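Colleague: A structural model of the following input is requested.
(one chain, ligands or ions: 1)
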Amino acid sequence: MNDLEFTEEQRMIRDMAHDFAQREIAPRAAAWEKAGWIDDALIAQMGELGLLGMVVPEEWGGSYIDYVAYALAVEEVSAGDGALGALMSVHNSVGCGPLLNYGTQAQKEAWLPVLAGGRAIGCFCLTEPQAGSEAHNLRTRAELKDGHWVLNGAKQFVTNGKRAKLAIVFAVTDPELGKKGLSAFLVPTDTPGFVVERAEHKMGLRASDTCAIALDDCRIPQENLLGERGKGLAIALSNLEGGRIGIAAQALGIARAAFDAALRYARERVQFGKPIIEHQSIANLLADMHTRLNAARLLTLHAARLKSAGLPCLSEASQAKLFASEMAEQVCSSAIQIHGGYGYLEDYPVERYYRDARITQIYEGTSEIQRMLIARELGNYGV
Ligand SMILES: CC(C)(COP(=O)(O)OP(=O)(O)OC[C@H]1O[C@@H](n2cnc3c(N)ncnc32)[C@H](O)[C@@H]1OP(=O)(O)O)[C@@H](O)C(=O)NCCC(=O)NCCSC(=O)CCS(=O)O
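Modeller: Take a look at the predicted model:
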């Protein structure tokens, strides 16, 4: 992408994240996948570099510049390892975001500096076994008893569930009010009754922990209500907007790693007496991959620019996630094709990229939900 369109600060962040990802992350990604865990020391290093406080302003210990710098950094980290990209995106957007946007002064003081510095990781507990796309259909209950909220229920597909020290939990406080009866809570994960039941075995992003969590008489102080009682759904959905920009950037990063590997391979691999990049069918495949990647980046950066300006970007964030995630599967598949039989082996990273990319069409809102949101906004679109 042409450097002219970025500020000096944005370029600095991108280049720092690129160097860090290529030096410290990419060489270890395959080992982390096998271990099912990313080194704690690496997470601490990311915190020191400011990569875990990218939506949090400096006054709260963060490194916020704008959402463009954030998207560029998520792309770079994800090009090093998609699993780490998931940890980073979820922690920043939906771990720190709700607290920053809805927290009281005391809540922010207690948590934002540690989260932004990477000394605590955040997770987002919205989804339940029966409530995925239908986000408001929650069964987890929060009842006020003796000055405490007592939470009971089950949460599903929680990224960072095992690693997190703080969970943003959504629960029903006022069942008679339907969608307006949901509220958000800050739950330190060492609270008795916050139980990580299991880390799921997944197709990809295996170094990122995705957990099922039980809330079993989990008792938190009354002041841990986040935002207004009854505003839980709005808190969840408004933060998913920024979350989707992060997932678009993650998809971009994984796809770019696949493209770079395919391009290198196509230059080196000789068939019929010449490097395969000189065969038109392979060159055309690479041209399409490159074009789709750049189109996805433009959509992602456009949504990021709107978000940075404080403008509504629900449709644009959905367009970025929809296009980037579907592009990522196509690009990773083409990267395998270019590698031929070798692309199907674990010895080459492209099979991991393909597996890692798939989830970006599902989590933080499936492609079907993104299309629904984009179509909904067309009702307000002047023609
Ligand atoms: C399918 C849905 C889009 C349906 O949404 P609803 O119709 O039920 O909700 P709305 O009436 O549109 O909105 C309710 C409420 O929220 C406010 N809102 C909504 N979006 C925004 C926004 N972008 N900014 C600000 N406010 C917003 C809206 O104004 C309403 O507020 P009031 O009632 O008027 O005060 C929805 O259910 C949906 O998006 N579903 C997908 C859910 C999803 O993405 N789930 C994934 C969760 S995370 C995950 O996958 C785990 C991985 S991880 O660990 O991150």
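
Colleague: Quick one: name whatever helix or strand follows the top helix by length along the chain.
Modeller: As assigned by DSSP state H, the longest helix anywhere in the chain is helix 232-268. Proceeding N to C from helix 232-268, the next assigned helix or strand is strand 270-271, under DSSP states H and E.

Colleague: Now do that next one: everything it contacts.
Modeller: I276, H279 (CB atoms under 8 Å, 6 or more residues apart in numbering). Using the backbone N, CA and C atoms, a C-beta is placed for each residue, glycine as well.

Colleague: From the contact counts, what lies against the helix or strand that comes right after that strand?
Modeller: With elements assigned by DSSP H and E, the helix or strand that comes after strand 270-271 is strand 274-275. In this structure, strand 274-275 packs against helix 232-268, with contacts taken as 3 or more CB pairs under 8 Å, 6 or more residues apart in numbering; DSSP states H and E.

Colleague: hmm, back to that, and the longest helix of the chain with the ligand, contact?
Modeller: Yes - judged by CB under 6 Å from any ligand atom, helix 232-268 comes into contact with the ligand at L233, A234, L237, S238, L240, E241.

Colleague: Smallest distance to the ligand belongs to which residue of the stretch 1-150 of the chain?
Modeller: Using CB to the nearest ligand atom, A135 is the residue of the stretch 1-150 of the chain that sits closest to the ligand, at 3.5 Å.

Colleague: contacting residues for that residue?
Modeller: L126, T127, L233, A236, L237.

Colleague: Confirm it sits in a helix?
Modeller: No - counting by DSSP: H, G, I helix; E, B strand; the rest coil, A135 is not part of a helix but coil.

Colleague: Could I get the phi/psi values of it?
Modeller: Torsion angles at A135 (phi, psi; degrees, to the nearest 10) stand at phi -60, psi -30.

Colleague: Could you check how far it is from T366?
Modeller: Distance of A135 to T366, given as CB to CB, to the nearest Å: 12 Å.

Colleague: And for D216?
Modeller: In terms of CB to CB, D216 sits 29 Å off from T366.

Colleague: do the same with Q222
Modeller: Counting by CB to CB - Q222 and T366 are separated by 35 Å.

Colleague: Please apply the same query to Y353.
Modeller: 21 Å.

Colleague: if we can go back for a sec, would you mind telling me which of Q222 and T366 has the busier surroundings?
Modeller: Legend: neighbour count by other CB atoms under 10 Å for Q222 and T366, higher for T366 (16 against 11).

Colleague: Touching, that one and S133? I think so.
Modeller: Yes - the pair T366 and S133 passes the contact test of CB atoms under 8 Å, sitting 6.0 Å apart.
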